[in-house]
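Participant: Structure, please.
(2 chains)
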Amino acid sequence: MRSASAKSARLTRAAGLALALFPALIFASLTGCTKNSDPANTVRFALTTEPPNLNSMQATDQSSFFVLGHVMEGLTRNGPDGAPVPGVAEKWEMNDAGATFYLRKNAKWSDGKPVTANDFIFAWRNVLDPKTASEYAFILYPVKNAEAINKGKLPVSDLGVAAVDDYTLKVTFEKPCGYFMALTSFATYFPVREDFFRQKGDKYAAEAADMLYNGAFKLTSWVHGASLTFDKNADYWNSSAVKLDRISIPYITPDNTARFNFFKEKKTDILDLAKDDLPRAQSENFRLMNHADGSVWFMEFNFREGKPTRNKNLRKAIQLIFDTEEYVNKVVGIPGTKPGKTLIPSWVRGVQDNFRREFPYAPPARNLVEAKKLVELAKKELGGSIPPLVWLTGDTPASAREAEYFQSQFKEHLGLELRIDKQIFKQRLALMSSGQFDIVSAGWGPDFADPMTFAELMTSWNENNRGKWTNDQYDALIRKAQSTSDQKIRMAAMADAEKIALDELAVLPTNERSVIWTHHERLQGVGRSIIGMDPDFTYASIVEGK
Amino acid sequence: MSTTSPTLSNATHSSNSNPGGSSMNSSVNRSFFDNPKQVLESLHGITSDDFDLLAQETGKVGLSRPSLSYWKDAWRRLKKNRQAIFSLYIVVGLVLFTLVGPSIWTTPPSLQTLGRVSEAPSLSIKTVRVLAELPAWQPTLAEGVPARPTAPVPAQDLKAPSQLKLMTEASTLAVRLSWDAVPGATGYRVYRGNYAPMQGSLGLPIATLDGGNIVSIQDTFNLVPGSQHYGVVALRDDEESPNFASLEVILPEAMSLPEALKIDPKAQAGQSLEMPLRPLGSDYLGRDLLARLMSGARVSLFIGFVAPFLSILIGILVGGISGYFGGKTDAWIMRFTDFVLALPFLLFMILFKVAFGAGPGEDGIGPMLLAMVALSWTGPARLTRGQVLQLRESEFVQASRLLGAKPMYLIIRHLLPNTLGVILVSLTFAIPSAIFTEAFLSFIGMGVVPPTPSWGSMCNDGIQTFLTHPHEFIFPALLISITVLAFNLLGDGLRDALDPKMRSVS
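Facilitator: The predicted structure follows:
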């Protein structure tokens, strides 16, 4: 059952906020609990969705990563500027052949036992074991033999990791990997202790008591679908720097209005706002802030056999009618949202400077006349007519608005019918995986601070390439970028590969998302990060009287 | 249970009841025929003259007022019921709204005008200025100002930007602002608020400019006509200065020339253009709510009339057969009816949608109609059966049968017309319930698919923004309520009129 649920929970991280709004749920969530036994230093927060899977070796979504990031720690953590800072590893050395991590001796599990190099080795081998069926196994591929193990060609014991002693972890690379350090803070790289995992068996991470924690907090209560509580972990090596005593998630609801009211009534301390709540937030005098969350949103076309979207002229016609400005300003309508032009977004760092400044790409301008010609051509090529296209999307108000906007645009400018398939998050992912769509509105958030996290998305071997677009040249360029640590070669290869994907319209980028958020004055020092858990409460504090 | 129907045996019983009474009657009869004159005289003083024929009288026999048929009588009674008549007007109005409305109010229901999103209801005609498209936006860079000043200036000490002003005429198309560079700033943040700025709350963060030399901005995000307050603060390494400059800008409603050409092909820049009226406001994509309500009514009323009509047709057929033939047929049909009655509607509806292969994004109206008909014929069927059982034993039907009427004649001439009143009443009650079911299913996303609106799906769309733009929810909800109420009151009146036995006590 576990593996089945993991399969359907596969998703793009950034898409994690999109969720079901079923009327019954509104009432269910409103009848939530009102606990008042929290210690003074408690931050309260409402999640949009229950974390589907807290097993760090299988987790794939934003909600799970948020929890895991607070209760677990990898070799490194994400520093404020995206560069890795020491986590379980005190220091490290890295070269083209591999890396050596020196673990701190005071890093402990929540049962008091030390975190050792073997805990990492066990977790990594387990992720790559084909039996685990981890969606994120590919993120370990820089480690020697990882890909072969994941494909079942080699036993897990052949993985290029070794424990020199309990506190020294030696990693051998498959190929030189310039961005490996950025990966080591990612949840899939988190340690898991073998004896505990074996003892829990199938129940591992099913409940709060079925996990061991080595992070700043530990999960003390998990009422499925209703609430979560993390308490400060006294065994954490850096616990003196952690000021919060508790992170409480008293509500889990996808309903924007409900979350807005919780915040207004001071039942939660921090809130992300939906477009329709912005005027209300202003009249309530909230101090509003902007957080570009780093994710890229796009139309992903289906390239499976028999799909009309395989036709390039059709995709091109869709691109030529797309009015980026109107879409971002009027349909998305969240200030700070950037028009989507590229797969690798505008914030990513390149060789020396911003990646996009070093490798600019400009999509063709809107051209309705040309679009009409192309769609006629596509019709001829597809045997006279184009069947109604299925637009798969989420069931939030924002995705409905987007879908109906494109439905009217397609009809008006191309004469094409668009059928809107609104699905709850889990179901949408299942349909994306099984290819039951023509166009899906999807997004991708970065897993690590390197353009590679976006560039490898469209490779033929990536499970998250839902449209199954394949291009040998693209694959070769990504392989090339993955096998060198020379930044110039890597960045250029990724830029070339991206150009192929965009010219071929494997995806049509629509926007780079931005979030308008606010918090009560008593909450200080909350981190909004592009990579890793967001929001990050690890070093936040509560200042009463504000 | 015996194979003869209970009503039949009851009827036989009643005619043969009281055997003692009938034997007494027969003894009286016998003495009367022996000597009638004597008996009568002794009884009442009636003489034999009383048995002579009288001369035919004229003018006495005849109707004192015109004969009143069943339907005329019902209509007379209905007219007395003011509630019901008022409801009848509403229903007629609703039908006109749905059928005639779209040919008078010709705004297409799916026309999106993104410049007029979530507009409040208004009866005044809006004029907007048509503006030529502005030249492409290029941010102004202050000359001689470094993007990253080296001299350390704490954010607290950064001054408020001076000379905050509009670069071009502001409109809802775009607002372009510029200001003078602040020494020591590494960037600026621009806010836009609906209210006059207060410390710590300048409104919406529109943009963060990275570089102390970027001193202008273009804002195009969701601009709505009216007053907007812009605030600009200098940043030092992403930390905001407490000093801000602010500027109130009144935004006139404007439209770009290409947009204007869509409405009026002769439009020119600089001209004022009358915008199409939006009497009930617009929705989240700028679609006219009135046109959508009319178009949505079509779906609601289609389901509302067709589903009950079909289910009643089936109900009459099944109930009629069951009641007329009785016996084993009746027992079997009624058990099957009980079975159908026990099926859960929502589950069945979902199964129907799957079974009919309604693919993603395909209309669920067909399956919905079928499911509703397939599940709701049971009520009318039971009702008809009860009526038929009762009627076929009634004296006039017995008499007709005795005179050699064929079953078909009996059914058409006697049974159906006499059940019609009851059935009509149940029909008027089934209509609002069907409308409500359609609204409910569309509300939860199982009915119509976009762009087709229905009142239920419009409610679902509107409820998301209920707190900010209540009109998007209130109008469809109001229409559903009024329709359902009107049909219910009309049904109540019809029941009183057609079936006086069931008249409510009021």
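Participant: The stretch 151-300 of chain B against chain A: which residues are in contact?
Facilitator: B:191-195, B:198, B:200-201, B:203-208, B:220-222, B:284-285 (Cβ under 8 Å from any Cβ of the partner chain). In short, each C-beta sits where N, CA and C put it, glycine included.
Participant: Inside strands: which ones of those residues?
Facilitator: Applying DSSP state E to these, the entries found in strands are B:Tyr191, B:Arg192, B:Gly193, B:Leu204, B:Pro205, B:Ile206, B:Ala207, B:Thr208.
Participant: which of these count as buried?
Facilitator: B:Tyr191, B:Arg192, B:Gly193, B:Leu204, B:Pro205, B:Ile206, B:Ala207, B:Thr208 (16 or more other Cβ atoms under 10 Å in any protein chain shown).
Participant: Show the model's pLDDT score for the third one.
Facilitator: The score at B:Gly193 is 86. That number is its pLDDT.
Participant: Nearest spatial neighbour of it, chain-adjacent residues omitted?
Facilitator: B:Gly203 (2.4 Å; Cβ to Cβ, 6 or more residues apart in numbering or on different chains).
Participant: And for the first one?
Facilitator: In this structure, B:Tyr191 finds its nearest non-sequential neighbour in B:Leu202, 3.5 Å apart by Cβ to Cβ, 6+ apart.
Participant: The stretch 401-506 of chain B against chain A: which residues are in contact?
Facilitator: So the stretch 401-506 of chain B meets chain A at B:443-445, B:449-451, B:461, B:464-469 (Cβ under 8 Å from any Cβ).
Participant: Repeat the analysis, applying 7 Å as the threshold.
Facilitator: Counting by Cβ under 7 Å from any Cβ of the partner chain, the residues of the stretch 401-506 of chain B close to chain A are B:Ile444, B:Gly445, B:Val449, B:Pro450, B:Pro451, B:Gln464, B:Thr465, B:Leu467, B:Thr468.
Participant: And the buried ones among those residues, selectable in PyMOL?
Facilitator: Buried residues among these (16+ other Cβ under 10 Å), as a PyMOL selection:
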select buried, chain B and resi 445+449+450+451+464+465+468
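Participant: Out of the residues of the stretch 401-506 of chain B next to chain A, which comes closest to A:Glu402?
Facilitator: Distance to A:Glu402 across these (Cβ to Cβ) is lowest for B:Pro450, with 11.4 Å.
Participant: can you pull the pLDDT of the closest one?
Facilitator: Reported pLDDT at B:Pro450 in the predicted model: 78.
Participant: Backbone dihedrals for it, please?
Facilitator: Note on B:Pro450: its backbone torsions stand at phi -60, psi 150 [degrees, to the nearest 10].
Participant: Just to check, it is in contact with A:Phe406?
Facilitator: No: judged on Cβ atoms under 7 Å, B:Pro450 makes no contact with A:Phe406 at a distance of 10.7 Å.
Participant: any idea which helix is longest in chain A?
Facilitator: The single longest helix within chain A, with elements called by DSSP state H, is helix A:487-503.
Participant: what packs against that one?
Facilitator: helix A:452-455, helix A:472-482 (3 or more Cβ pairs under 7 Å, 6 or more residues apart in numbering or on different chains; DSSP states H and E).
Participant: just to revisit the earlier point, the residue nearest to B:Tyr191 against B:Gly231, yeah?
Facilitator: Yes: assessed by Cβ under 7 Å, B:Leu202 is found in contact with B:Gly231 at 3.8 Å.
Participant: so what sits against both of those two?
Facilitator: Common contacts of B:Leu202 and B:Gly231 (Cβ atoms under 7 Å, 6 or more residues apart in numbering or on different chains): B:Tyr191, B:Gly193, B:Phe244.
Participant: Just the strands from the stretch 1-150 of chain B, written as ranges.
Facilitator: Assignment of strands within the stretch 1-150 of chain B using DSSP state E, counting those that start in this stretch yields the ranges B:127-131.
Participant: Residue numbers of it in contact with chain A?
Facilitator: Looking at chain A, the residues of the stretch 1-150 of chain B close enough under Cβ under 7 Å from any Cβ are B:Ser110, B:Gln112, B:Leu114, B:Val117.
Participant: mind running it again at 10 Å?
Facilitator: Within reach of chain A by Cβ under 10 Å from any Cβ of the partner chain, the stretch 1-150 of chain B has these residues: B:Ser110, B:Leu111, B:Gln112, B:Thr113, B:Leu114, B:Gly115, B:Val117, B:Ser118, B:Trp137.
Participant: For chain A, state which of these is nearest.
Facilitator: Of all those, B:Leu114 has the smallest distance to chain A: 4.0 Å, by Cβ to the nearest Cβ.
Participant: Could you list the low-pLDDT ranges of the stretch 351-500 of chain B?
Facilitator: Residue ranges of the stretch 351-500 of chain B with pLDDT under 70: B:357-361, B:499-500.
Participant: what sits against the residue of the stretch 151-300 of chain B found nearest chain A?
Facilitator: In the stretch 151-300 of chain B, the residue that lies nearest chain A is B:Pro205 (4.1 Å; Cβ to the nearest Cβ). B:Pro205 is in contact with A:287-291, A:335-336, A:514, A:516-517, B:189-192, B:231, B:233, counting by Cβ atoms under 10 Å, 6 or more residues apart in numbering or on different chains.
Participant: Try it again at 7 Å.
Facilitator: B:Pro205 sits next to A:Leu288, A:Met289, A:Asn290, A:Pro335, A:Gly336, B:Arg189, B:Tyr191 when contact means Cβ under 7 Å, 6+ apart.
Participant: Keeping just the C-alphas, turn the helix or strand hosting A:Val43 into CSV.
Facilitator: In this assignment (DSSP states H and E), A:Val43 forms part of strand A:42-47. Provided in CSV are the C-alpha atoms of strand A:42-47 (Å, rounded to 0.1, in the frame of the first residue of the first chain):
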residue,chain,number,x,y,z
THR,A,42,5.2,28.6,19.4
VAL,A,43,4.7,29.5,15.8
ARG,A,44,1.4,28.5,14.2
PHE,A,45,0.9,27.9,10.6
ALA,A,46,-1.8,26.4,8.3
LEU,A,47,-0.7,23.9,5.7
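Participant: closest one to B:Ile316 among the helices and strands packed on helix A:487-503?
Facilitator: So among the helices and strands packed on helix A:487-503, helix A:452-455 is nearest, using Cβ to Cβ, at 65.2 Å.
Participant: Averaged pLDDT, the closest one. What do you get?
Facilitator: Helix A:452-455 comes out with an average pLDDT of 91.
Participant: What helices and strands are in contact with it?
Facilitator: When contacts are defined as 3+ Cβ pairs under 7 Å, 6+ apart, helix A:452-455 packs onto helix A:472-482, helix A:487-503.
Participant: what would these look like in JSON lines with mean neighbour count and mean pLDDT?
Facilitator: Below are the helices and strands packed on helix A:452-455 laid out as JSON lines (neighbours: other Cβ atoms under 10 Å in any protein chain shown; pLDDT from 0 to 100):
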{"stretch": "helix A:472-482", "mean neighbour count": "18", "mean pLDDT": "91"}
{"stretch": "helix A:487-503", "mean neighbour count": "20", "mean pLDDT": "92"}
